[in-house]
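Trainee: Quick one: sequence and predicted model below, then my questions.
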Amino acid sequence: MKNILIAYYSHSGNTKKIAEKIQEKTNADIFRIEPVKKYPNDYRELVNLAQKEKLANFHPELKSKLDDISKYDIIFIGTPVWWYTMASPVRTFIKEYNLENKIVAPFCTHGGGGEASTFEEFSKFLPKSRVINGLSLYETPDNKTDEKIEEWIKPILNN
């Protein structure tokens, strides 16, 4: 039996919904990645800030820490797509934890632009991890969401 963690950052709640659906199907532990300083709710303000943070390679401080990530074999990491890649709090999470030799399964939610370079960035930032092909879902879960998640996680869990 593999030990599984789902770590996710969710600004508007969409990524959280997907993380919870994955948890229902895997019975995994779940960890909410949460920055100390909240992000603005105004869309334009958020987009501008996301761009600045990406260009500056900014890593916001996180509110809480995991006690022991070494006990996990598979780590699902969820993020909204911000400025064509993962949200800054997720970059902080990846930077702060040793994910070497872990199976990392990234998933993202987006507002219509797709995953852009999100999954490429996971592979780039985690060269010593086994990064699985990611799951990209439109911001609002639909009647095919559960089916897409099941289809995606099945080979990950059977690895």
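Mentor: Received it, and whenever you're ready, just let me know what you need. Numbers count the residues shown, from 1 in each chain.
Trainee: How about the most centrally placed residue in the chain: what's its closest non-neighbour residue?
Mentor: Central residue of the chain (Cα atoms, centre = their mean): G78, 1.8 Å from the mean position. Using Cβ to Cβ, 6 or more residues apart in numbering and skipping the chain neighbours, the partner closest in space to G78 is Y8 (3.4 Å). In this view, the C-beta of every residue, glycine as well, is placed from N, C-alpha and C.
Trainee: do you know how far the one you found is from K17?
Mentor: As judged by Cβ to Cβ, to the nearest Å, Y8 and K17 stand 10 Å apart.
Trainee: between those two, which one's more packed in?
Mentor: Counted by other Cβ atoms under 10 Å, Y8 and K17 do not tie: Y8 has more neighbours, with 29 against 19.
Trainee: Now do the buried residues in stretch 144-159.
Mentor: Neighbour-count burial for stretch 144-159 flags 145, 148-149, 152-153, 156 (criterion: 16 or more other Cβ atoms under 10 Å).
Trainee: CA atoms only for stretch 144-154, dumped as PDB, please.
Mentor: Listed next in PDB are the C-alpha coordinates belonging to stretch 144-154 (Å, rounded to 0.1, in the frame of the first residue of the first chain):
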ATOM      1  CA  LYS A 144     -17.300  14.400 -16.800                       C
ATOM      2  CA  THR A 145     -14.900  15.600 -14.100                       C
ATOM      3  CA  ASP A 146     -15.200  12.400 -11.900                       C
ATOM      4  CA  GLU A 147     -14.600  10.200 -15.000                       C
ATOM      5  CA  LYS A 148     -11.600  12.300 -16.100                       C
ATOM      6  CA  ILE A 149     -10.100  12.100 -12.600                       C
ATOM      7  CA  GLU A 150     -10.700   8.300 -12.300                       C
ATOM      8  CA  GLU A 151      -9.100   7.700 -15.700                       C
ATOM      9  CA  TRP A 152      -6.100   9.800 -14.700                       C
ATOM     10  CA  ILE A 153      -5.400   8.400 -11.300                       C
ATOM     11  CA  LYS A 154      -5.900   4.700 -12.100                       C
END
